[in-house]
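> Return a 3D structure for these sequence lines:
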Amino acid sequence: MGEMRILGSKAGLTAAEAVEGETKVTWRTDSPDEVKKAAETFQKHVFEGWLAFSVTEGKKSQIFTFNKDLEQIVLAPVMFGG
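From the prediction side, this is the model:
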């Protein structure tokens, strides 16, 4: 089973803003409908400018495409300003 954590609710934050809230999307690799929904959610957020990371054994790596076999994906808003 895979899990995608979406941190916050908007793609870009200034340094003065806090990330608020979290949404979770899960999928079973053997469920085409769940995989499709997760992939569409991933693509929508990345297209809007969110950063995507896979988390494997505590190590984070930036990713650019959805992979249904990843156990955990984190989508985070871009921080800008100073």
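
> per-residue pLDDT, G81?
Per-residue pLDDT puts G81 at 63.

> One more: V35?
On pLDDT, V35 comes in at 97.

> In this structure it contacts W27, no?
Yes: between V35 and W27 there is a contact under Cβ atoms under 8 Å: 5.2 Å. Any C-beta I mention is one placed from the backbone N, CA and C, and that applies to glycine too.

> all strands of the protein, in order?
2-7, 12-14, 22-27, 51-56, 59-63, 72-76, 78-80 (DSSP state E).

> Pairing partners for the fourth one, with directions?
I take that to be strand 51-56. Strand 51-56 pairs in its sheet with strand 59-63 (antiparallel), strand 72-76 (antiparallel), by DSSP bridges.

> So which of the ones you listed is the most surrounded?
Ranked by mean neighbour count under mean count of other Cβ atoms under 10 Å, the strands paired with strand 51-56 are led by strand 72-76, which reaches a mean of 19.

> Excluding its own residues, what touches that one? List them.
Applying Cβ atoms under 8 Å, 6 or more residues apart in numbering, the external contacts of strand 72-76 come out as 2-8, 19, 42, 45-46, 50-56, 60, 63, 66.

> for it, the distance to its chain's centre please.
Remark: strand 72-76 is offset 3 Å from the chain centroid, using Cα atoms, centre = their mean, to the nearest Å.

> what angle do that strand and strand 2-7 make?
Using axes from the mean of the first three to the mean of the last three Cα atoms, to 10 degrees, the inter-axis angle of strand 72-76 relative to strand 2-7 is 20 degrees.

> so what's the residue nearest the centre of the chain bridging to?
In the chain, the centroid-proximal residue (Cα atoms, centre = their mean) is L75; its distance is 2.6 Å. Beta-bridge pairing of L75, defined through DSSP bridges, involves I6, A52.

> Give me the common contacts of V35 and W27.
Counting by Cβ under 8 Å, 6+ apart, the residues touching both V35 and W27 are K68.
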